[in-house]
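In: Got a predicted structure here, sequence first:
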Amino acid sequence: MRWPFRLLPLSLPSKVEATRLRPSSFLPRILSRNLQSNASNTESEARLLERLIEPCEDRAAAKNELRWLKEHVQKTAPGDLEAQHAMLNSLVDERSTGKPLQYILGTEYFGDLELECRPGVLIPRQETAASVSHLVHLLSLAPKLRRHLRVLDLCTGSGCIPLLFQHEFTKARPEIQLRLLGVDISPEAVQLARDNRSRLLEAAHLQLPNCDEDQENSDPSDIEYNTPRRSLEVLKTTEFIQADVLAEDPLLQDPAGPKSDIPSLEAALRLQSTVRLGKGRHRTSTFHKDRPKCWPVLICNPPYISPDEFVRTTSRSVREFEPKTALIPPVNSQGQHIDQADTFYPRLLELANTHRTMVVLFEVADMAQALRVAQMAKSYRKPWDETHATNKTLRDSIRSGDLWDSIEIWRDQPGQARENGVPEVIDGFQVAGRGNGRSVVCWKYAARRWFGDEHPISAQIAKIKSQVT
Amino acid sequence: MTSSKLLRPLLRPQTLRLSKCLLRPFSTTLPLPSKPLPPRLLIPENDMIENFLKGSGPGGQKINKTSSAVQLKHIPTGIVIKCQDTRSRSQNRKVARRLLAERVEELELGEGARTAVKAREKSKKKASGDKKRRRKYRALAEGEKDDGDDLEGEVVGVEGKESVVEQSDGGKSAVSKAHEEIPEKD
């Protein structure tokens, strides 16, 4: 009972101290210091700006970055002007070496989300967010989507893609049960993705309606009420695991072959599902049955820069500060006929095939690579189905899902119409939006059912869009 | 499952609960309802051209630009808005749309636009505040002249975080007129 009293001060402050603390005595001092620093600020600011211009490449960008750095400094050391000044100086020094601003500030915006960034993990790019948002937008327009939607994101990095997918899709279609899984080879990336997930979980908790009594009284079909709750549910089941996407399935592999510490994707998926199904209670209590081999939506932003392009075309901050494993794919084991930049795509198409995928979204570097990948998707056949495929007609192969039904190329802003309004077609592939070639999107025939009828996907989407507007 | 349920009340902001106790107003006089503002203008997406100023050249993994600038062009009026306030592109898009809607509204409605009404109200409040302050300091100056320890009333600092507003053609005169004709009466 005595301990709380220890916390009280032993004596009240003396009268001398009290007079020293009078606002009239210390306020003008702070004000004058503030004014002083303001006077010297203009010249020191110009110097800081000069140092930022080199890494930013232009004055307007440097001005913006200086403002953001200042805001960051003011937030981390509020009130203490001298500390702020010193900190700003050191941050500008850091930035002038070319270190990305996102690593310095520790976050980057991806769509509506502010996600954490750390050296060793690729910084999310805005073009990726645009592609993912557009895919989510299209899927959310589909009237006949199943009640469960399972989304697999490979090479997930900071976990940005599944987290943004969750955020936007739940807002549009809270009634559909989402299940998201992110996979990356790097342990740092998996850790960061998990941290970003917990960051969003906390935010979702805060958004939840505040009283338990309210929850029972409110209408369960109310969408406004359901969205934060559903977000929480989905985020809780969202997982990030470590696996090597390129490694062969050990069941198909020669047992005497080389073994690595990082499991292959198939092995990791199996392991994850057996852990879940191992406990009998969990099997019935989880709302989704965990099928390791069924992922209707497959998204991947793999490393896609060849070593040659890495030297020639990347910017300094990327080359020197971002992880190479996230940028340059390893040498292709399948032979010389595939460019090193394209190493991942044949494997991804194979995975899409074995995981009953209906729609894939792969990011690419430019239009040339987009066309190469689209061509790969067009000519992709199941390796063990070669003899059957020759007997089938093209129509049959598409209907049975052996071949892709429609293959599209999306530019940086896939939602925007072209200036002249004429649909663009390159080498027989539909191209959507404006900017550089950014991603390849393929739909299986079965995905048509999501949109309600038998027309090609693009025509259906256009029809639904015109109905909405 | 049970532990998360137990923890849930702790994770919630306490202010939400406090707000229930604070529903009772501090003063007994009801605040006067201000005049309703005209409704916000919503510009259809088809009427604007959006541009993310990133320049040409490679993108994606090859480049790491921090630019999140958004440029909006309103096709019917030719008004161009550029916004690069925040690091978030989606935030900048929202701000740019709001600014564009305000400009277009000023052009259409002139004196009746939201921004004009708001500015008028603000200047009215400021004028009456100035008047009160003048009255107060006059009274103080007349009263006790010997007390030299009084402090400055307030320090107003405005940090420049402006968004660039450009006017490519037409409508400039109308917009600037809307700004100038703010009445300076009590």
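Out: On my side now, so go ahead. In this text the structure is predicted, and so the values were computed from the model without any measurement.

In: mind listing what residue A:367 touches?
Out: A:409, A:426, A:436-437 (Cβ atoms under 8 Å, 6 or more residues apart in numbering or on different chains). All C-beta atoms are positioned from the backbone trio N, CA, C, and that covers glycine.

In: hmm, I was thinking of residue A:142
Out: Residues near residue A:142 by Cβ under 8 Å, 6+ apart: A:450-452, A:464.

In: Repeat that for residue A:125.
Out: Residues near residue A:125 by Cβ under 8 Å, 6+ apart: B:59-61, B:64.

In: near chain A too, which of the residues you listed?
Out: Among the contacts of residue A:125, the residues within reach of chain A (Cβ under 8 Å from any Cβ of the partner chain) are B:59-61, B:64.

In: number of nearby residues for residue A:46?
Out: Neighbours of residue A:46 under the rule other Cβ atoms under 10 Å in any protein chain shown: 9.

In: returning to what we had before: between the ones next to chain A among the contacts of residue A:125, which has the most around it?
Out: residue B:61 leads the ones next to chain A among the contacts of residue A:125 on contacts (other Cβ under 10 Å) with 26 neighbours.

In: correct me, but that one touches residue A:305?
Out: Yes - if you go by Cβ atoms under 8 Å, residue B:61 and residue A:305 touch, sitting 6.1 Å apart.

In: Now do the shared contacts for these two.
Out: In contact with both residue B:61 and residue A:305: A:314, A:327, A:365, using Cβ under 8 Å, 6+ apart.

In: Columns pLDDT and neighbour count on top of those, output as TSV?
Out: TSV is the format used below for those (pLDDT from 0 to 100; neighbours: other Cβ atoms under 10 Å in any protein chain shown):
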residue	pLDDT	neighbour count
A:314	91	20
A:327	95	20
A:365	94	22
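
In: just to revisit the earlier point, can you tell me which of the ones next to chain A among the contacts of residue A:125 is closest to residue A:56?
Out: Using Cβ to Cβ, residue B:64 is the member of these that sits closest to residue A:56, with 11.2 Å.

In: Now name the helix or strand holding that closest one.
Out: Per DSSP states H and E: residue B:64 is located in neither a helix nor a strand.

In: ok, now how distant is it from residue A:314?
Out: 9 Å (Cβ to Cβ, to the nearest Å).

In: Quick check: chain neighbours aside, which residue is closest to residue A:161?
Out: residue A:153 (4.6 Å; Cβ to Cβ, 6 or more residues apart in numbering or on different chains).

In: can you pull the contacts of that neighbour?
Out: A:161-162, A:165, A:180-183, A:298-300.

In: out of those, which are inside strands?
Out: Counting by DSSP state E, the contacts of residue A:153 place A:180-183, A:298-300 in strands.

In: Quick check, residue A:305 in contact with residue A:326.
Out: No - judged on Cβ under 8 Å, residue A:305 makes no contact with residue A:326 at a distance of 9.6 Å.

In: Now the residue of chain A found nearest chain B: which helix or strand?
Out: At 3.7 Å from chain B, residue A:109 is the closest residue in chain A, using Cβ to the nearest Cβ. Assigned by DSSP H and E, residue A:109 falls within strand A:107-110.

In: Show me where chain B has its helices.
Out: B:2-11, B:14-21, B:89-109, B:114-142, B:172-180 (DSSP state H).

In: Just confirm residue A:311 is within a helix.
Out: Yes - counting by DSSP: H, G, I helix; E, B strand; the rest coil, residue A:311 is located in a helix.

In: check contacts around the residue of chain B found nearest chain A.
Out: Chain B approaches chain A most closely through residue B:88 (3.7 Å), counting by Cβ to the nearest Cβ. Applying Cβ under 8 Å, 6+ apart to residue B:88 gives the contacts A:109, A:112, A:114, B:68.

In: and which of the shared contacts of residue B:61 and residue A:305 is nearest to residue B:129?
Out: Nearest to residue B:129 among these: residue A:314, at 56.1 Å, using Cβ to Cβ.

In: Now do the contacts for the closest one.
Out: Residue A:314 neighbours (Cβ under 8 Å, 6+ apart): A:305, A:327, B:61-63.

In: cutoff 10 Å now
Out: Counting by Cβ atoms under 10 Å, 6 or more residues apart in numbering or on different chains, residue A:314 makes contact with A:305, A:320, A:322, A:327-328, B:58, B:61-64.

In: Low-confidence bits of chain A, can you list those?
Out: Applying pLDDT under 70 to chain A picks out residues A:1-42, A:209-225, A:252-259, A:274-292, A:333-336, A:382-392, A:453-456, A:465-469.

In: Between all of the contacts of residue A:314, which two are separated the most?
Out: Across those, no pair lies farther apart than A:320 and B:58, at 16.8 Å, counting by Cβ to Cβ.

In: ok, back up a step: let's see if you can find the most crowded of the contacts of residue A:142.
Out: Among the contacts of residue A:142, the one with the most neighbours (other Cβ under 10 Å) is residue A:451, at 23 neighbours.

In: Pull the contacting residues for that residue.
Out: Contacts for residue A:451 were tallied using Cβ under 10 Å, 6+ apart; they are A:138-139, A:141-145, A:443, A:457, A:459-461, A:463-464.

In: Give me the domain ranges for the chain.
Out: Here I'm looking at chain A. Domains of chain A are assigned by the TED database as A:44-97, A:108-207+A:227-250+A:263-271+A:291-382+A:394-467.

In: I was after chain B.
Out: B:40-110, B:113-144.

In: between the contacts of residue B:88, which is closest to residue A:345?
Out: residue A:109 (28.5 Å).

In: show me what contacts the closest one?
Out: The contact partners of residue A:109, by Cβ under 10 Å, 6+ apart, come to A:102, A:115, A:124, A:126, A:129, B:68, B:86-92.

In: Regarding chain A, what is its longest strand?
Out: If you go by DSSP E, chain A has its longest strand at strand A:434-443.

In: Adjacent strands (with direction) for that one?
Out: The partner list of strand A:434-443 in its sheet, established with DSSP bridges, is strand A:359-363 (antiparallel), strand A:406-413 (antiparallel).

In: Kindly reformat those strands as TSV containing distance to residue A:271 and mean neighbour count.
Out: Output for the strands paired with strand A:434-443, formatted as TSV (distance: least, Cβ to Cβ, whole Å; neighbours: other Cβ atoms under 10 Å in any protein chain shown):
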stretch	distance to residue A:271	mean neighbour count
strand A:359-363	24	25
strand A:406-413	33	22
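
In: Residue A:250: which of those strands is closest?
Out: strand A:359-363 (24.0 Å).

In: what do residue A:305 and residue A:326 both touch?
Out: Residues touching both residue A:305 and residue A:326 (Cβ under 10 Å, 6+ apart): A:318, B:61.

In: where does chain B have low pLDDT?
Out: B:1-35, B:38, B:54-56, B:144-186.

In: any idea which residue sits dead centre in chain A?
Out: Nearest to the mean C-alpha position of chain A, by Cα atoms, centre = their mean, lies residue A:160 at 2.1 Å.

In: what ranges do the helices span in the stretch 51-200 of chain A?
Out: A:59-76, A:81-96, A:101-105, A:126-141, A:160-172, A:187-207 (DSSP state H, counting those that start in this stretch).
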